[in-house]
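Asker: Okay, structure incoming, though there's no sequence with it:
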Ligand SMILES: Cc1cc2nc3c(=O)[nH]c(=O)nc-3n(C[C@H](O)[C@H](O)[C@H](O)COP(=O)(O)O)c2cc1C
C-alpha cells in the first residue's frame, strides 16, 4: 500500500527532506520558516518534528513545492525529468482509471488510534496559522474532503481549505461551482446533512488529484489509481460509510448540517494576497478522529511561487490539459505547452510551442489556447513560440518575445473574459470577476520575404563531436541540449539584404 511514509523515504533518499527537530510555534513561526526555506527554487520538504504544545504530532510542509523531482515521484515517474518530459509522461497516466480496493479496518494503518464523539479534540492537532491576518488555524490545507452526491452517488475528493472552529467543528470553504459544493447543495435541498470525511495527512498524490477538476462523474480515487498504476487502498468509514484512504495519516468523519454556517477566513492565497474576505462557510461537525502512530499533518502553504505548494503541480497539469485540448481539436504541429508556475500558481500564463505549417497557424493556436476549457479561467498571457523555443525555459521565451514579436503587429486583446474575484489587479466590485487576455505571437514572421537573417546556431556536426568528448574535456554530467542546431547541409547565406542593412 503506497503512503506518505514510503514517499518520504524516497524523498529523503534523494536528499530532499529536511527534518526540523527544534521546537517551532504553530502560530506564524512554522509558516515563516516554510516561507523562507521555500523561497529558493527546489527547496527541500520540511518535516517539523517538534511543534510547540503538540507532542507526538508532526507537520510536513513544502511537500512537492517547486521540486520537479518530488512531483515526478508523486506521479510514479522517475526523477531527473525536464518539465516538458514530465508533462508528456503525465498526460498518458492521467487518462487511466483504476478504482480503489477496500481493505479491512483491522489492516488499515489509519486505525491505529481512534477517538469517537465527545472524545474528539481537534485542538490537539498541530494546525498552523500561516499568515498574520489569517482568520484562524488551518487544520486542512494539504487536505481532501471526501463526499458522495446524495442523488447520483458519485464520489468526490476535493481540496478545500478547513479552519478550526473548536474541538469538533471545522469551517470548510468551497467556492461556487465546485463538486463538493454541488454535493452539499443537493443534500441541503433535501433537508439532509451531507456525510463527509476530511483527510489531514495524506499521500501527496491525493492532494494533486484533489486540487483538479475531473468532471462531476469521475472519482479522484480512480484517477489516482490510474496515475500510479496501483489502486488506492481504502477502508469503509464506520460513521459515514465513505471510503477513507487506509494509509492516511489523519482523517475525520462527520456531517455538514443543513444551513450550519460560521464565519471563516481570510487565508493568504496563491496570488500572494488574502483573497476572499472572512465570510459565512459550512461547518463540519466531527464525529470521529483517526490517526496513525506519530501522525503527520500535511500543510500546504499558499503564496507566490516558489513558495506556493500547488504552483508547480497545477501549472504542469494545466499545460498537459491544454496540450490534450489542442490535439483533440486536431491542431497540428504542437511541440510543447507550458504554464509557468510563477504566474499566479500557473493560472495566469501559458506558452505554446508550435511548428508553423500555414499562414495564420500561430494566431489560431493563440485563440484556441486562450479559450480552451483547460485554460480559459484566469489566464492573462497567452504566448505562441516556434518549435526551436522550449516553452518551459523563460530565458528562451523572453528571447522570442524580444526578437520575433513586433508589438504593433503581433499582440491582440480579449476583454471581459472568464476570471475570478481573487485576482487582486481588479478593484472595481462589478468588474472583479472579469478578466482580460493578451495574445502574443512571438513566432517568426512567415510572410515573404520575411526575415532572411539566419539564426546563429551551433553546427550539428560540431555539437555532436563536442558532446561525445564532454567527459574527456573535463565537464561533469550530460552536455546541455541546445533548442535547435544548424544542420549545416546547405551553405549559410554569405550576406542577405537584411544583414546588409538594406531594407
Ligand atoms: C492547497 C490548495 C488549497 C485550495 N483551497 C481551496 C478552497 O479553499 N476552496 C476551493 O473551493 N478550492 C480550493 N482549492 C482549489 C480546488 O482544490 C480545485 O478547484 C479542485 O478542482 C476542487 O475539486 P473539485 O473540482 O472536485 O470540486 C485549493 C487547491 C489547493 C491545491
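Answerer: Arrived safely. This is a predicted model, so every value here is computed, not measured. Residues are numbered from 1 along each chain as shown.

Asker: The longest strand seen in the chain pairs with which strands?
Answerer: Looking across the chain with DSSP state E, the single longest strand is strand 250-264. Partners of strand 250-264 in the sheet, by DSSP bridges, are strand 194-201 (antiparallel), strand 279-291 (antiparallel).

Asker: List the buried residues in it.
Answerer: Under the neighbour-count criterion of 16 or more other C-beta atoms under 10 Å, strand 250-264 has 250, 251, 252, 253, 254, 255, 256, 257, 258, 260, 264 buried. Heads up, the C-betas are built off the backbone N, CA and C, glycines and all.

Asker: Just say helix, strand or coil for the residue most central in space within the chain.
Answerer: The residue lying closest to the centre of the chain (C-alpha atoms, centre = their mean) is residue 314, at 2.3 Å. Using DSSP: H, G, I helix; E, B strand; the rest coil, the structure places residue 314 in helix.

Asker: Count the residues that sit near the residue lying closest to it once chain neighbours are set aside.
Answerer: Leaving aside its chain neighbours, residue 314 sits nearest to residue 346 (4.6 Å; criterion: C-beta to C-beta, 6 or more residues apart in numbering). Residue 346 has 28 neighbours, counted by other C-beta atoms under 10 Å.

Asker: Write out the residues of the chain neighbouring the ligand.
Answerer: Residues of the chain lying close to the ligand by C-beta under 6 Å from any ligand atom are 141, 156, 158-161, 173-175, 178-180, 210-213, 300, 302, 309-310.

Asker: let's see it at 5 Å
Answerer: Proximity of the chain to the ligand (C-beta under 5 Å from any ligand atom) is limited to residues 156, 158-161, 173-175, 178-179, 211, 213, 300, 310.

Asker: How much space separates residue 309 from residue 183?
Answerer: Residue 309 is 25 Å from residue 183, where distance means C-beta to C-beta, to the nearest Å.

Asker: hmm, which two among the buried residues of strand 250-264 are most spread apart?
Answerer: 250 and 258 (26.8 Å; C-beta to C-beta).

Asker: re earlier: of the residues of the chain next to the ligand, just say which sits nearest to residue 423.
Answerer: residue 175 (13.5 Å).

Asker: ok, how many other residues are close to the closest one?
Answerer: So residue 175, with other C-beta under 10 Å, has 13 neighbours.

Asker: From residue 131, how far out is the closest residue to residue 304 other than its chain neighbours?
Answerer: Of all residues beyond its chain neighbours, the one nearest residue 304 is residue 272 (3.9 Å), with distances taken as C-beta to C-beta, 6+ apart. For residue 272, the distance to residue 131 (C-beta to C-beta) stands at 10 Å.

Asker: With residue 225 instead?
Answerer: Taken as C-beta to C-beta, the span from residue 225 to residue 131 is 35 Å.

Asker: and if you look at residue 317?
Answerer: According to C-beta to C-beta, residue 317 and residue 131 sit 25 Å apart.

Asker: again, but for residue 388
Answerer: To residue 131, residue 388 is 43 Å away according to C-beta to C-beta.

Asker: more neighbours, these two?
Answerer: Per other C-beta under 10 Å, whichever of residue 388 and residue 131 has more neighbours is residue 131, with 20 against 17.

Asker: Now the more buried one. Its backbone dihedrals?
Answerer: The phi/psi pair for residue 131 (degrees, to the nearest 10) reads phi -120, psi 150.

Asker: Once you drop chain neighbours, what's closest to it?
Answerer: In space, residue 131 is closest to residue 268, 3.8 Å off (C-beta to C-beta, 6+ apart).

Asker: Pull the contacting residues for the residue nearest to residue 314.
Answerer: Residue 346 makes contact with 311, 312, 314, 315, 316, 317, 318, 319, 339, 340, according to C-beta atoms under 8 Å, 6 or more residues apart in numbering.
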